[in-house]
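Novice: could you look at this predicted model? Sequence included:
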Amino acid sequence: MKNIFSAKTASPPAGADMEFANGASGTVRAVIDAVLPCVDGGRFPVKRVVGEPVRVRAHCFTDGHDVLRVQLCWRAHDQAGFREVPMKPLGNDVWEARFSPPSMGRYVYTAVAWVDPFESWRSEMTRRVDPDDVRIAAQVGALEIAAAAARAEGADRVALQRWATELDAVAASPASDVVSLKALALDEEYAELARRHPDRRHAVRHPVELPLVADRERARFSTWYELFPRSASPVPGAHGTFRDVEARLPAIAAMGFDVLYFPPIHPIGREQRKGPNNALEAGPGDVGSPWAIGAAEGGHKSILPALGSAEDFRRLLDRAAAHGLEIALDIAFQCAPDHPYVKAHPDWFRWRPDGSVQYAENPPKKYQDIYPFNFECEDWRGLWAELKSVLDHWIGEGVRIFRVDNPHTKAFPFWEWAIGEVKRAHPDVIFLAEAFTRPKVMHRLAKLGFSQSYTYFTWRNTKKELQEYFTELSSGPGIDYFRPNVWPNTPDILHEQFHAGEPAVFMSRLVLAATLAANYGIYGPAYELCEHLPRGPGSEEYLDSEKYQLRHWNHDDPASLAPFIARVNRIRRENPALHWDRSLRFLHIDNDQLLAYAKESPDGSNVIVTVVNLDPHNTQSGWLGLEPASVGVAAGASFQMHDLLSGQRFIWQGDWHYVRLDPHSVPAHIFVVRRRHGDERDFDYFL
């Protein structure tokens, strides 16, 4: 044959010298094309919670018809050795296995594959029928088994050597019959011993160790209530304190919340302080915006004296924990003009030609009472270290959840470093990114380490918008790293849909938030009491916004939605289907004013079907498509739909089911699917 690498040809292709740039050998025939899930080629970690199964798939194949063995390899980031789990073929060269991170922290995983000579021989032996062919193949197998015995120790070695010797002897004996010979060669018990000691000399390992972060369960499932401590006083006009918040804890816990979130609790700047409704001039008694952080009393590590002392705060943390509540603090890395940082570190800010500091702007909005940090300053290392020390301080006080204000206006490398450093020492800390900005920016923040992310839910109102957006959130590219936390309102956002003050809108949006997403929150007192007046026509700002003044809330108002909120949150807590985002699927219903969807728990034992009337004025009805088989009910069998909101029970049968919702009563159904158990009157939770 002609030498294709003769002197007359161009330089030989890579690999022609029998060496490869990656160090692999030409004897390696297995190929690992991909390992999934994988975020940006392994640049960023996949997110899960402790104990949650991680389903890993690998695309693996080889030339010819030989048999592959594929193993999932995983370990904690600080461990040396990998644990291995056999991967099973799903077809089309896709292999799958699962592992569950046993504790919080960082992990890595990858895959290893090899052409297995023993399994390849065994696969071919099952198809051989010619007697001479079977005998020769059995002798070949005896050599493979003997090689496995040489790799084994103890009892396994003895058993495998005995099998190899017996198989070789039977194959060589003219008196042996083929049926008995094949039975001996294919003995499953012996084969399992051989599988324990494979020939992995020609194995290939996927070159990337893919990262994973395991958080605690509250990162995946949480229910937030936002409250301004300064408005917690039972006395109108009086400044609230941490002790006043303590008095509210039983009611907040009774509504079913597990995270109580405070806006900034630090001293508030006096220079450029804003007055009511964002007025540029503040009166002597005006309290200003909590986000204008820092004054003579201190900065980001200090507490506004009117709220109480550090001891009072620690006491509140303990009292909250006794009620099943965690306190989340707002982290707003910005300063009031009289923050101590401005004098101590003037180089951390941008100075204008007139000698003033550039205040925060988002035209047409202006924040004259806030100075942003300059993340491009020469002393960026000092700035980073100081800002991280703020997180360290509050972690030291016992805080484990932070809602971060406008993280998209701070340097991305800072967040990756700061969150990474914090979670290395305190893997239980949770960060929520308050970034209502462009999708790619929101996703980048999630990749950088934020545990949860605000969403566009507030502005998704029609059936089409909700279906498209939550399909993206529950099954789109971000499913492995972007955990949505949906809020129908915030102190900054009063959507126009609420301006008429219809309770049906507040109720339906609450049900949507609580059942579409595993993490949701409300700006509590305002939502509870259907606060709806905007600062002006079409404005998303509240009139008399609590951001700029004290408010007194009448929690005894008989029109309060607190009982309804409590019922919805109890349903969330008691039904594991609502603790996850991945199982969401929308159901067909022949009315564009009705939205229907289903969720189920990972083990299938709990199925929830929610139907919401999006029209706050009119009763809407329609036919809902729900095939019994999709919820595990046999064709023709009846099943019960128990509405956990109203307590009503309906018997459904077949594929189409009539629903009718009056928004002036309850604008939603939250059904738990029950199946018949025993006689017709006896139903249990489905599965």
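Specialist: That came in fine, so what should we check first? Numbering: from 1, shown residues only.

Novice: what are the boundaries of the strands in the stretch 301-450 of the chain?
Specialist: 326-331, 334-335, 360-362, 365-367, 371-372, 401-405, 430-434 (DSSP state E, counting those that start in this stretch).

Novice: parallel or antiparallel, which strands does the last one pair with?
Specialist: Pointing back at strand 430-434 there. Strand pairing for strand 430-434, determined by DSSP bridges: strand 401-405 (parallel), strand 452-454 (parallel).

Novice: next one: the fourth one
Specialist: Strand pairing for strand 365-367, using DSSP bridges, gives strand 360-362 (antiparallel).

Novice: state the mean pLDDT of the strand it pairs with.
Specialist: Across strand 360-362, pLDDT averages out at 87.

Novice: figure out which of the strands paired with strand 430-434 is closest to Asp544.
Specialist: Proximity to Asp544 (Cβ to Cβ) singles out strand 401-405 among the strands paired with strand 430-434, at 21.7 Å. C-beta here means a position set from N, CA and C on the backbone, and glycine is covered the same way.

Novice: alpha carbons of that closest one, as PDB, please.
Specialist: Extracted in PDB, the C-alpha atoms of strand 401-405 (Å, rounded to 0.1, in the frame of the first residue of the first chain):
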ATOM      1  CA  ILE A 401     -30.700  35.200  53.600                       C
ATOM      2  CA  PHE A 402     -29.900  38.300  51.600                       C
ATOM      3  CA  ARG A 403     -32.100  40.100  49.000                       C
ATOM      4  CA  VAL A 404     -29.600  42.100  47.000                       C
ATOM      5  CA  ASP A 405     -30.800  45.400  45.600                       C
END
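
Novice: now it and strand 326-331, what's the angle there?
Specialist: For strand 401-405 against strand 326-331, the angle by axes from the mean of the first three to the mean of the last three Cα atoms, to 10 degrees is 30 degrees.

Novice: need the winner for burial among the strands paired with strand 430-434.
Specialist: strand 452-454 (a mean of 25; mean count of other Cβ atoms under 10 Å).

Novice: identify all contacting residues around that one.
Specialist: For strand 452-454, contacts defined as Cβ atoms under 8 Å, 6 or more residues apart in numbering pick out 219, 222, 430-436, 442, 445-446, 482-487, 519.

Novice: just the buried subset of the residues you listed, written out for PyMOL, thanks.
Specialist: In PyMOL, a selection of the buried entries from the contacts of strand 452-454 looks like this (16 or more other Cβ atoms under 10 Å):
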select buried, resi 219+222+430+431+432+433+434+435+436+442+445+446+482+483+484+485+486+487+519
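
Novice: return the subset of the contacts of strand 452-454 lying in helices.
Specialist: 442, 445-446 (DSSP state H).

Novice: turn those into CSV, including pLDDT and distance to Pro346.
Specialist: Formatted as CSV, the ones in helices among the contacts of strand 452-454 follow (pLDDT from 0 to 100; distance: Cβ to Cβ, whole Å):
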residue, pLDDT, distance to Pro346
Met442, 98, 32
Leu445, 98, 29
Ala446, 98, 34
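
Novice: these into TSV, with extra columns for distance to Leu473?
Specialist: Below are these laid out as TSV (distance: Cβ to Cβ, whole Å):
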residue	distance to Leu473
Met442	11
Leu445	15
Ala446	11
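
Novice: nearest to Val399 among the residues you listed?
Specialist: Distance to Val399 across those (Cβ to Cβ) is lowest for Leu445, with 20.2 Å.

Novice: for the closest one, which non-adjacent residue is closest in space?
Specialist: Closest residue to Leu445 apart from its sequence neighbours, by Cβ to Cβ, 6 or more residues apart in numbering: Ala433 at 4.7 Å.

Novice: bridged to the one you found, which residues?
Specialist: Beta bridges link Ala433 to Val404, Ser453 when assigned by DSSP bridges.

Novice: how is Pro525 assigned, secondary-structure-wise?
Specialist: Secondary structure, DSSP: H, G, I helix; E, B strand; the rest coil: Pro525 is helix.

Novice: same thing with Arg29?
Specialist: Per three-state DSSP, the local secondary structure of Arg29 is coil.

Novice: quick one, what contacts it?
Specialist: 62-63, 66, 115, 202.

Novice: name the next helix or strand downstream of the longest strand belonging to the chain, please.
Specialist: Taking DSSP state E as the assignment, the strand of the chain that covers the most residues is strand 105-115. Sequence order places helix 117-127 as the next helix or strand after strand 105-115, per DSSP states H and E.

Novice: elements contacting that following helix?
Specialist: If contacts are counted by 3 or more Cβ pairs under 8 Å, 6 or more residues apart in numbering; DSSP states H and E, helix 117-127 sits against helix 131-151, helix 178-185, helix 188-195.

Novice: picking up where we left off before, tell me the helices and strands packed up against the longest strand of the chain.
Specialist: Judged by 3+ Cβ pairs under 8 Å, 6+ apart, strand 105-115 is in contact with strand 31-36, strand 54-61, strand 68-76, strand 204-205, strand 210-215.

Novice: need those strands in TSV with mean pLDDT and mean neighbour count, can you?
Specialist: Listed next are these as TSV, based on pLDDT from 0 to 100; neighbours: other Cβ atoms under 10 Å:
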stretch	mean pLDDT	mean neighbour count
strand 31-36	98	16
strand 54-61	98	19
strand 68-76	98	21
strand 204-205	96	19
strand 210-215	98	22
